[in-house]
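1. sequence unknown, structure follows:
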């Protein structure tokens, strides 16, 4: 049962990342929405203030302003806190101090417009704006006060519903993953009793397809929400918010690559065998490793050997083996190759700490990994690819020090070149 729990743990870690990305995205979108709503209220107030005068600001005009901008209140303040006109109440009295921020009203009287959240009703923040109303000579003669509430910020409610939907979907995915892990545990027990590897592969394939399918659903929702926020907010987002959205999209891409690894267990990847120079593929893999692990020395001693293989898939296998050595702590990797009968044989030897004894017996099983952040899929998928090419991938020496893997693939007719 301990091994059966490994896919569940791996899936839940991926789910935790997706849920964290959802919450992070919601926070970034909420902050961006707050700025957009403030700019909207500021634009409505400044436009209205340029058109109003104490004479033209009748309750009917203020109510029309409320309807057009979806506001909760609008009134005009004169000197001495006098309400000159009010869309929702009587005029002529003094301003209600519970409703009016006299400090900001005084700033507007001095010519400075302001927009800020003044108070909340329940869980709904009420933003208010104070805007100077000027005469033709440019003197401030009144202050226009606007109140924006639930209707003005209706998009905030939609954002909250989207968050709730994302959390609910994540919970459903967690249940699906638990069911997948339970099913896999039953299949794993049957697999141990089966003599043929094909039956074992079929069980793993069904489990992998289920997990990959369920993880992809919330990923699509998260990606769509992030792209929607970016499309709607556009240039109004600050650089830090643009960066936050990009971080979310990058995390979604990383999790999507993880689901592709799961799908490689669920399907027989299409292979296109053809004659290819094994030595050139090893050199290419070594160069690719240098971009991410520049401090690791890779020594290649492989003669030109023509083999029959899918170049892309075999390059993937070589990359997995070299990367695993670096992630284990190796500082040097030697790759040697030679022809052995009808096969080309490679030996990959590193100077890392070796492979723990408890991991050796299950090293090529899916989800078996010696690293905390490892998925345990690389070696399992690599062995399947090599075996489908008619070759083999084995652990020859677990160390310490270091580990040695041997890889064999069929030579092409007349494949050894001098």
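-> Alright, I've got the coordinates. Worth saying up front: this structure is predicted, and the values here are computed from it rather than measured.

2. list the contacts of the host helix or strand of residue 144.
-> Using DSSP states H and E, the element containing residue 144 is strand 140-148. By CB atoms under 8 Å, 6 or more residues apart in numbering, the residues outside strand 140-148 that reach it are 37, 41, 44-45, 48-49, 52-54, 57, 65, 69-78, 84, 100, 105, 108-111, 118, 126-135. For glycine as for every other residue, the C-beta is placed from the backbone atoms N, C-alpha and C.

3. what's the least confident helix or strand in the protein, going by average pLDDT?
-> Least confident helix or strand of the chain, by mean pLDDT, DSSP states H and E, is helix 197-233 with a mean of 61.

4. whichever of the contacts of strand 140-148 end up buried, select them in PyMOL.
-> A single PyMOL command selects the buried members of the contacts of strand 140-148 (16 or more other CB atoms under 10 Å):
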select buried, resi 37+41+44+45+48+49+52+57+65+69+71+72+73+74+75+76+77+78+84+100+105+108+109+118+126+127+128+129+130+131+132+133+134
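
5. mark which of the contacts of strand 140-148 are part of helices, please.
-> Secondary structure from DSSP state H places 37, 41, 44-45, 48-49, 65, 69, 105, 108-109 of the contacts of strand 140-148 in helices.

6. switch the residues you listed over to CSV; also include pLDDT.
-> Output for these, formatted as CSV (pLDDT from 0 to 100):
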residue, pLDDT
37, 73
41, 80
44, 82
45, 83
48, 84
49, 83
65, 84
69, 80
105, 89
108, 89
109, 89
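
7. now the strands: where do they sit in this protein?
-> 73-77, 83-86, 114-121, 124-134, 140-148, 274-277, 297-301, 305-309, 332-340, 343-350, 392-397, 404-416 (DSSP state E).

8. what's the fourth one packed up against?
-> It stands for strand 124-134. Applying 3 or more CB pairs under 8 Å, 6 or more residues apart in numbering; DSSP states H and E, we find strand 124-134 packed against helix 2-51, helix 102-109, strand 114-121, strand 140-148.

9. neighbouring strands - and their directions - for that strand?
-> Using DSSP bridges, the strands paired with strand 124-134 are strand 114-121 (antiparallel), strand 140-148 (antiparallel).

10. who's in contact with the closest residue to residue 86 other than its chain neighbours?
-> In this structure, residue 86 finds its nearest non-sequential neighbour in residue 75, 4.0 Å apart by CB to CB, 6 or more residues apart in numbering. The contact partners of residue 75, taken as CB under 8 Å, 6+ apart, are 62, 83-89, 91, 95, 144-145.

11. would a markdown table of these with pLDDT be doable?
-> Formatted as a markdown table, these follow (pLDDT from 0 to 100):
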| residue | pLDDT |
| --- | --- |
| 62 | 86 |
| 83 | 90 |
| 84 | 89 |
| 85 | 88 |
| 86 | 90 |
| 87 | 87 |
| 88 | 85 |
| 89 | 84 |
| 91 | 82 |
| 95 | 85 |
| 144 | 91 |
| 145 | 89 |
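
12. with distance to residue 278 added, can I get the residues you listed in TSV?
-> As requested, those are exported to TSV (distance: CB to CB, whole Å):
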residue	distance to residue 278
62	81
83	87
84	88
85	86
86	85
87	81
88	81
89	86
91	90
95	85
144	78
145	78
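
13. got a quick PyMOL command for the buried subset of the residues you listed?
-> Selecting just the buried residues from those in PyMOL takes one command, with 16+ other CB under 10 Å as the test:
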select buried, resi 62+83+84+85+86+87+91+95+144+145
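
14. between the contacts of residue 75, which is closest to residue 386?
-> Set against residue 386, the nearest of those by CB to CB is residue 145 (74.3 Å).

15. done for today, thanks.
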